[in-house]
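In: Coordinates for the following, if possible.
(one chain, ligands or ions: 1)
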Amino acid sequence: MFSHVAVLGAGQMGSGIAQVIAQKDISVQLVDLNEAALKKAQSKIKNSLEKLYKKKLITLTPDEVLQKIQFVSDINSIKQSELVIEAVPENQNLKSKVFKQISDTVSANTIIASNTSSISLTYLAENVSHPQRVAGLHFMNPVPLMTLVEIIRAEQTSDSVFEKLCQFTVFLDKTAVSSKDKPGFIVNRILMPMINEAVFALQESIASAEDIDKAMQLGCHHPMGPLALADLIGLDTCLSIMEVLEEGLGEKYKPCPLLKKYVAEGRLGKKTGKGFYTY
Ligand code: CAA
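Out: You can find the predicted model right below:
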């Protein structure tokens, strides 16, 4: 298994991914240019670890896990990594740029994975040398609690890289499913249109946000309603995914204008304190 892993981007997905890897006693570097984001990630991880430890869901103590994570702002420090997982915001140009930087920094044997929710891995792989080492490794939010990982094969991905990522997922006590490199893969191809439809229902005043969510929780047994889930994921991420679906799959996936409006207003969900709900 890997002994040194780097995770790029200390947002909620990147910090969750670094946490679950460190929980398995693997050294992780969590990299972000923004020092404030690193500080925030550190305190979020500590919080999460304390909850998990209290419930006996992890064996290492929170301090032991935290010691496995190095919080760094310089990408040059990832040179020794055997696996790099990119988890920067869901933007194709940004991810392409970061992929190029990773490729210029690490050795030719390093596996390069992306936690992208929807962007083509085949496209991202074009930015690196030895593109057969690129694949998608898509964790679900909140990463410490959700057991699924989607593994996406780019057209270039080699069988051995795919196999290693499957084994790594199992090692992390998660379950892997394999998806073709098509917009939204499996989860977001199905989940995002549902969330988008819930926003249309709100926009058309069919019901209040509370009642839309209650209907889906009690009527369909979803653990949380679609609007609360959108707030958890981040409305900007939901919009970016819908745009990728629309571009790749057509008009049927058009993002709801209310979703666009909230994102333009900076109402991004839990992370900004306001989305469909106020936090
Ligand atoms: N670490 C540790 N513990 C956590 C945690 C974290 N990150 N987040 C929540 N918890 C704990 C809470 O503290 C709480 O503990 P107590 O019971 O001791 O208070 C417990 O988990 C349950 O949380 P809540 O009471 O707040 O709420 P809940 O029972 O509804 O569970 C949930 C929360 C697990 C998030 C659940 O609502 C759920 O499964 N929701 C759906 C999540 C989902 O669909 N995720 C996938 C999104 S799609 C995606 O991620 C892909 C993408 O690309 C966008």
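In: how does the protein divide into domains?
Out: 4-180, 189-271 (automatic domain parsing).
In: From the opening residue of the longest one to its closing one, how far?
Out: Taking CA to CA, to the nearest Å, the first and last residues of domain 4-180 lie 28 Å apart.
In: can it be found next to the ligand?
Out: Yes: legend: contact between domain 4-180 and the ligand by CB under 6 Å from any ligand atom is shown at 48, 51-52, 117, 140-142, 144-146. Placement of C-beta: from N, CA and C, glycine included.
In: got a winner among the residues you listed for most neighbours?
Out: S117 (25 neighbours; other CB atoms under 10 Å).
In: My guess is that one contacts L239. True?
Out: No: between S117 and L239 there is no contact under CB atoms under 8 Å: 11.4 Å.
In: tell me the average confidence for the longest helix anywhere in the chain?
Out: Taking DSSP state H as the criterion, the chain has its longest helix at helix 35-54. Averaged across helix 35-54, the pLDDT comes to 98.
In: in it, what counts as buried?
Out: Using 16 or more other CB atoms under 10 Å as the test for burial, helix 35-54 gives 37-38, 40-42, 44-45, 48-49, 52-53.
In: farthest pair in the residues you listed?
Out: Largest separation among those by CB to CB: A37 and Y53, giving 24.2 Å.
In: Please enumerate the helices of the stretch 1-150 of the chain.
Out: Listed in chain order, the helices of the stretch 1-150 of the chain (DSSP state H, counting those that start in this stretch) span 12-22, 35-54, 62-67, 92-105, 121-125.
In: List the contacts of F185.
Out: 117-118, 136, 138, 150, 152, 179 (CB atoms under 8 Å, 6 or more residues apart in numbering).
In: Tell me how many other residues crowd the spatially closest residue to V143 that is not a sequence neighbour.
Out: Distance criterion CB to CB, 6 or more residues apart in numbering; nearest residue to V143, sequence neighbours excluded, is G16 at 2.8 Å. Neighbour count for G16, taken as other CB under 10 Å: 25.
In: G16 contacts F139, doesn't it?
Out: Yes: between G16 and F139 there is a contact under CB under 8 Å: 6.7 Å.
In: ok so, going back, between which two of the residues of domain 4-180 next to the ligand is the distance greatest?
Out: Greatest spatial distance in these: K51 and S117, 25.0 Å, computed using CB to CB.
In: related to what we said a few turns ago, could you provide the helices of the stretch 1-150 of the chain in TSV, with additional columns for distance to V199?
Out: Shown next, in TSV, are these (distance: least, CB to CB, whole Å):
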stretch	distance to V199
helix 12-22	21
helix 35-54	27
helix 62-67	37
helix 92-105	23
helix 121-125	27
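In: So for S81, which of those sits nearest?
Out: Of the helices of the stretch 1-150 of the chain, nearest to S81 by CB to CB is helix 92-105, at 8.9 Å.
In: quick one: buried residues of the closest one?
Out: By neighbour count with 16+ other CB under 10 Å, helix 92-105 contains the buried residues 92, 95-96, 98-99, 101-103, 105.
In: Could you give the separation of it from the chain centroid?
Out: How far helix 92-105 lies from its chain's middle: 17 Å, per CA atoms, centre = their mean, to the nearest Å.
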